[in-house]
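1. Provide a 3D model corresponding to the input given below.
(2 chains)
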There are 2 protein chains.
Amino acid sequence: MAEPRRWTYSRAGVDRSAVSGALAALLKETGHRPPASHGRLLDLPGHYAGLVRIGRETIAVTTDTVGTKTLLAEELASWEGVGEDLVQVNVNDLAAVGARPSVLVDFILCVTPDPESFSAIGRGIQRGLRKGRVALAGGETAVVPEIVRAVDLGGTAVGFFPRGRRPVTGARVRPGDHVIGIPSRGFHANGFTLLRRLLREKRVDLRRPRRGSRTALGAELLTPGRIYVDASEALADLATTHGLAHISGGGVRNLVRLNPDVRFELDGWPRPAGIFQWAQELGEIELPELYQTFNLGIGFVAVVSARAVPASLRALQKAGVRDARTIGRVARGRGVALPHLALEYTGYG
Amino acid sequence: MAEPRRWTYSRAGVDRSAVSGALAALLKETGHRPPASHGRLLDLPGHYAGLVRIGRETIAVTTDTVGTKTLLAEELASWEGVGEDLVQVNVNDLAAVGARPSVLVDFILCVTPDPESFSAIGRGIQRGLRKGRVALAGGETAVVPEIVRAVDLGGTAVGFFPRGRRPVTGARVRPGDHVIGIPSRGFHANGFTLLRRLLREKRVDLRRPRRGSRTALGAELLTPGRIYVDASEALADLATTHGLAHISGGGVRNLVRLNPDVRFELDGWPRPAGIFQWAQELGEIELPELYQTFNLGIGFVAVVSARAVPASLRALQKAGVRDARTIGRVARGRGVALPHLALEYTGYG
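-> Alright, predicted model coming up:
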């Protein structure tokens, strides 16, 4: 029997439904709520960050790892980018609830502690700290060759809501709202299991640029994801900002996390271009899989009331974010549609 | 050449100075301090938790993993204990700065997501959440067979200081203070690389009890570490409580983290007994190594002013902690001494 020719994420070894099943089994057990004197958890299931009311402040917490992008860093002995990604994957999830990042803790698991790569990871973390406006408040380094084959880089970020600001959850998103997109800088730290599998099977030379680029492909792939903290800070205080989304694993489906009871019609989401087109062609990846795995050129999204579009774009420009543009609108219905590509998604998971 | 007969932690494959060197290389780069509008980091280098002033609250953050204890859980297909440890290793580090735990996020890395073990891990986490009075506010589950050979369980805990409470850092520890010890329940989630190496080399049968016990050794070793949140809550509001310590990796040396400018004379720290004596004899571990690797029966320590000992013990009893007792005092000098065992340590690392 012939192998299926086209690549999907699960063919690359990641079975999303098995992960969901195991996670559901864990979460079924872990619903304990401590007495109110220990803080009050605000329920936001499936959202980018956990929110808890502590004394007179609301704190946001989120945790994430760089995933298998570290394996490409190891292959190319180039660690600075993934160090920055360690910060990026976490502060962008805070940005997606409108929380202002404050501190980060990192956790690094490795086979041997190599001072040179740790120093490069540190330089990358530092760059991420600057762009995310966050301080490193601690961390854990574990040398555990019996547990890991390679380096794992993760972190937890803690943010808050400055006085007068409310969490931006997407609950207020409604038909008629407009969707503003902010470009990404290539892949985020998602989908690298699939990308690396493609690189290996197609024997791609990482030292040479792909067609249409002048950067070696390896370096292009290791470019850290853009940090959207300034964009979030520019918009989160406006009452007309109804939802914010970080386009991480799950691609355009991430918008469903904001509000499952509306329909996001995104006729301005880019067609595959640049490095995304390269990946699509290399793997002959079908469009539905492509758009639910990668960001395709839009890394962060704001959903704002229609009348607030000009003011929102001005606020972004003032914060140095000059490449934002309207890419769609909210309609009645459910899910996410990219009509120009005949794509329809119903849920996030 | 004959192999050295006696076991040490570095012979078991953990080279502490190599870890410190790599970590120092990373930390040299990561000192960024964001503008004060993003929170103000309080400097407590080497302490159990990072502290940050956010708006009107001081927040404590700490991150830790269960380490190679998960490998023993895997061998025995028994996951509940290490689930509870995931909470324990983190909330006890908050307890050691006098912070009240509020929320936890977990991160789990695995080769395959098995619903049955995830469910058991969840039950253990839930028990830890109850004992630590904390809620699970999110997490990350990564199925990364290219990065891990086995399960890694970690988490980050966030706590705070209720109105009127100040962080308990050890800065106020002074000669004349007394040291109160609270018993542990066997090993914490530290030192398992050494323990497992011993078990393997000595071909120990985990299904049978050690001499002097009636529990199968495997089950005894997987007993989760005790949670000291109630003890910390009982003492942290008293101005006479000058320092709190969680006896994790580093054993009795942990006390140096509280205050390097005094000398802790601990003539009441237990001699090796029970499971600790079993490990000592199995590995012919020298006393200096034993006491800087394991807790030897005391899992949490409070340093209080001499006159406050009776009131402190009463407060502990009222909180349900009935087995605390005085185990030493603070003198002029530096480091940690166990005079009854002729042990002296100068620093933490």
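2. close to chain B, is stretch A:97-117?
-> Yes: for stretch A:97-117, a contact with chain B is found by Cβ under 8 Å from any Cβ of the partner chain, at A:100-103, A:105-109, A:112-116. Where C-beta positions appear, they are placed from N, C-alpha and C, glycine not excepted.
3. what ranges do the helices span in the stretch 101-250 of chain A?
-> Listed in chain order, the helices of the stretch 101-250 of chain A (DSSP state H, counting those that start in this stretch) span A:115-132, A:192-201, A:217-222, A:229-235.
4. for the second one, packing partners?
-> Using 3 or more Cβ pairs under 8 Å, 6 or more residues apart in numbering or on different chains; DSSP states H and E as the contact definition, the elements that helix A:192-201 packs against are helix A:69-75, helix A:274-283.
5. Then the third one?
-> Packing contacts for helix A:217-222, counted by 3+ Cβ pairs under 8 Å, 6+ apart, involve helix A:69-75.
6. which parts of the helix it packs on are buried?
-> Judged by neighbour count using 16 or more other Cβ atoms under 10 Å in any protein chain shown, the buried positions of helix A:69-75 are A:69-74.
7. just those residues now: which is nearest chain B?
-> Nearest to chain B among the buried residues of helix A:69-75, counting by Cβ to the nearest Cβ, is A:Leu71 at 5.8 Å.
8. Give me the distance between that closest one and B:Val144.
-> 9 Å (Cβ to Cβ, to the nearest Å).
9. Would you check which pair of the residues of stretch A:97-117 next to chain B lies furthest apart?
-> In the residues of stretch A:97-117 next to chain B, the most distant members under the criterion Cβ to Cβ are A:Arg100 and A:Thr112, with 37.2 Å between them.
10. who's more crowded, the two?
-> Ranked by neighbour count (other Cβ atoms under 10 Å in any protein chain shown), A:Arg100 and A:Thr112 place A:Arg100 first, with 26 against 12.
11. which residues touch that one?
-> A:94, A:133, A:159-162, A:165, A:229, A:233, A:236, B:37-38 (Cβ atoms under 8 Å, 6 or more residues apart in numbering or on different chains).
12. Which one (most neighbours) among those?
-> Most neighbours among the contacts of A:Arg100, by other Cβ under 10 Å: A:Gly159, with 31 neighbours.
13. How about it: what's its closest non-neighbour residue?
-> Counting by Cβ to Cβ, 6 or more residues apart in numbering or on different chains, the nearest residue to A:Gly159 once its immediate chain neighbours are dropped is A:Ala99, at 3.4 Å.
14. Is the one you found in contact with A:His47, as I believe?
-> No: using Cβ atoms under 8 Å, A:Ala99 is not in contact with A:His47; the gap is 11.1 Å.
15. Of these two, which one has the most company?
-> Ranked by neighbour count (other Cβ under 10 Å), A:Ala99 and A:His47 place A:Ala99 first, with 32 against 20.
16. contacting residues for the more buried one?
-> Per Cβ under 8 Å, 6+ apart, neighbours of A:Ala99: A:49, A:51, A:60, A:159-161, A:167, A:236.
17. now it: how far from A:Val168?
-> Between A:Ala99 and A:Val168 the computed distance is 9 Å (Cβ to Cβ).
18. Overlap in contacts, these two.
-> In contact with both A:Ala99 and A:Val168: A:Ala236, using Cβ under 8 Å, 6+ apart.
19. Redo the residues of stretch A:97-117 next to chain B as a markdown table? Include pLDDT.
-> Output for these, formatted as a markdown table (pLDDT from 0 to 100):
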| residue | pLDDT |
| --- | --- |
| A:Arg100 | 98 |
| A:Pro101 | 98 |
| A:Ser102 | 98 |
| A:Val103 | 98 |
| A:Val105 | 97 |
| A:Asp106 | 97 |
| A:Phe107 | 96 |
| A:Ile108 | 97 |
| A:Leu109 | 97 |
| A:Thr112 | 93 |
| A:Pro113 | 92 |
| A:Asp114 | 93 |
| A:Pro115 | 95 |
| A:Glu116 | 96 |
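20. Those in strands, which ones?
-> A:100-103, A:105-109 (DSSP state E).
21. what ranges of chain A fall below the confidence cut-off?
-> A:1-14, A:349 (pLDDT under 70).
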